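Provided below are the primary sequence and the corresponding predicted coordinates.
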Amino acid sequence: MPPLGGEPSSGTGGGFLISYEPLWQTMARLGATTYTLQVKGQISSSTIRRLKTGQSVSTNTIDALCKLLECSLTDVLAFLPDDESP
């Protein structure tokens with residue numbers, strides 16, 4: 001399972017504010033793979049790599065993931081307050 005991740009925090013904790021862990025759980029529940037994202041969702045391999053490593057992605061990508069997986073935003077990402085970040 002990919003590590004928790006997202007945007008680097010601007011706070012002093014230096015942790016992450018966004019986690020894509022819900023995406024991987026949703027994909028597992030639906031039987032979707034990264035290949036599914038690439039072929040059916042036309043999500044680039046570099047974007048998938050960014051998701052796996054917890055880097056930022058565009059809101060267009062988040063929108064495409066929600067549409068492809070027929071899910072809500074909370075099924076794709078979670079907000080982690082600074083004090084809860086790894």
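Happy to help now that I have it. Residues are numbered from 1 along each chain as shown.

can you give me phi and psi for the spatially most central residue of the chain?
For the chain, the residue nearest the mean C-alpha position is residue 20 (3.1 Å; CA atoms, centre = their mean). Main-chain torsions, residue 20, degrees, to the nearest 10: phi -100, psi 10.

go on, residue 56?
Here is the backbone geometry of residue 56 (degrees, to the nearest 10): phi -70, psi 150.

what is the neighbour count of it?
13 (other CB atoms under 10 Å). (C-beta placed from N, C-alpha, C; glycine too.)

didn't it look like it was pressed against residue 50?
Yes: between residue 56 and residue 50 a contact is recorded at 7.1 Å, counting by CB atoms under 8 Å.

before we move on, back to that, my guess is the residue nearest to the centre of the chain contacts residue 77, does it?
Yes: if you go by CB under 8 Å, residue 20 and residue 77 touch, sitting 5.6 Å apart.

mind listing the helices for this structure?
21-30, 34-39, 45-52, 59-69 (DSSP state H).

which one of those lies nearest to residue 82?
Between residue 82 and the helices of the chain, the shortest gap by CB to CB is with helix 21-30, which sits at 17.2 Å.

residue 40 and residue 33, how far apart?
10 Å (CB to CB, to the nearest Å).

likewise for residue 44?
Per CB to CB, residue 44 is found 15 Å from residue 33.

residues in contact with residue 43?
37, 61, 64-65, 68 (CB atoms under 8 Å, 6 or more residues apart in numbering).

would a markdown table of these with pLDDT and distance to residue 24 be doable?
Formatted as a markdown table, these follow (pLDDT from 0 to 100; distance: CB to CB, whole Å):
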| residue | pLDDT | distance to residue 24 |
| --- | --- | --- |
| 37 | 95 | 11 |
| 61 | 96 | 15 |
| 64 | 96 | 16 |
| 65 | 97 | 11 |
| 68 | 96 | 14 |
